[in-house]
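Trainee: here is my input; please provide its structure:
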Amino acid sequence: MILANVRGRLRAQDLLVVALALARGDAARRSRLERVMLEEGPDRLLDDPDLLEALVALRTLVVPSPALFAYVAVRHTLRIAGVDDRMLADYLAALVLEFGDHDRAARIRRTDDETYRYLVDMVEDLTALDDAGERAFLLRVHLGNYSLWLAGLFPDYIAARRSRRGGPDLPYYDALGRQGYRLAAEHRLADHFGVAPIYRTAAERFPTLRVAFNRLSDRVFFPNVRTTEKILRNL
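Mentor: Next up, the predicted model:
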């Protein structure tokens, strides 16, 4: 199960990379930034508007860890979209890291034998499951997660599949993603694991989150890809 724990994975080396990136070669500034982190904690610097660009621009042997880069990229992109929710950013950073590992995006948990490539298959299975069971909970969560992952980070794939095969459009993913997170938030296990508030916010803000992930895809993960759909999205 994906939890909001990426920020908690950051280590001292990650925070040194933050100071190094923001200092941009100025030793005195780096010393001041390190002192700020010691006195105030890391959040002020992790939220610095220049940090994401600074991490991308690093040209040293020291590079940001996957956890650091994912958290900063997601957190900053959400803040630009008007979503200033640190816990939600932490969760969605964990989603990006988890789903980026092999075929994890197609499974409701890492070790599950069943794979899902289409949202309609998840919806069909949900209707046949005991609503109170663990699998029903995980499938509800996965409906939200997979909708955001696919429509958020791979909108050009959605557009191409729609053009070639008449597949669903982005609002379809918004609707089912919102439904998945809403149903997950209502499940008893969401409260048990302390994730109900995250799912509720994700359901309420799903279209905004999806558009923010489109921005993350276009400008950070796939900056050199050029498609008609991408040009239209960024007008």
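Trainee: for the residue sitting nearest the centre point of the chain, what is the enclosing helix or strand?
Mentor: Centroid-nearest residue in the chain, with Cα atoms, centre = their mean: residue 92, separated by 3.1 Å. For residue 92, the element it lies in under DSSP states H and E is helix 86-99.
Trainee: now swap in residue 2 and tell me
Mentor: Counting by DSSP H and E, residue 2 is part of no helix or strand.
Trainee: I'd assumed residue 92 was in contact with it.
Mentor: No. Taking contacts as Cβ atoms under 8 Å, residue 2 lies outside contact range of residue 92: 9.3 Å. Yep, even glycine has a C-beta here, placed from its N, CA and C like the rest.
Trainee: pLDDT wise, what is the spatially closest residue to residue 154 that is not a sequence neighbour at?
Mentor: Counting by Cβ to Cβ, 6 or more residues apart in numbering, residue 154 lies nearest to residue 217, which is 7.0 Å off, once chain neighbours are set aside. Listed pLDDT for residue 217 reads 96.
Trainee: so who does residue 217 touch?
Mentor: 152, 153, 154, 155 (Cβ atoms under 8 Å, 6 or more residues apart in numbering).
Trainee: repeat that for 10 Å
Mentor: The neighbours of residue 217, taking Cβ atoms under 10 Å, 6 or more residues apart in numbering as the test, are 77, 152, 153, 154, 155, 156, 223, 225, 230, 233.
Trainee: which helices and strands sit right next to the worst-scoring helix or strand of the chain on mean pLDDT?
Mentor: Least confident helix or strand, the chain: helix 228-233 with a mean of 81, by mean pLDDT, DSSP states H and E. Helix 228-233 makes packing contacts with helix 155-165, helix 206-216 when contacts are defined by 3 or more Cβ pairs under 10 Å, 6 or more residues apart in numbering; DSSP states H and E.
Trainee: do that again at 7 Å, thanks
Mentor: Packing partners of helix 228-233 (3 or more Cβ pairs under 7 Å, 6 or more residues apart in numbering; DSSP states H and E): helix 155-165.
Trainee: from the chain's centroid, how far away is the helix it packs on?
Mentor: Chain-centre distance of helix 155-165: 21 Å, with Cα atoms, centre = their mean, to the nearest Å.
Trainee: how much space separates the residue lying farthest from the centre of the chain from residue 19?
Mentor: The C-alpha centroid of the chain is most remote from residue 28, which lies 34.2 Å away (Cα atoms, centre = their mean). As judged by Cβ to Cβ, to the nearest Å, residue 28 and residue 19 stand 12 Å apart.
Trainee: next one: residue 193
Mentor: Taking Cβ to Cβ, one finds residue 193 at 34 Å from residue 19.
Trainee: more crowded one of the two?
Mentor: Ranked by neighbour count (other Cβ atoms under 10 Å), residue 193 and residue 19 place residue 19 first, with 19 against 13.
Trainee: where are the low-confidence patches of the chain?
Mentor: Along the chain, the model assigns pLDDT under 70 to no residue.
Trainee: ok, residue 232 - how many residues close by?
Mentor: Considering only other Cβ under 10 Å, residue 232 is surrounded by 9 other residues.
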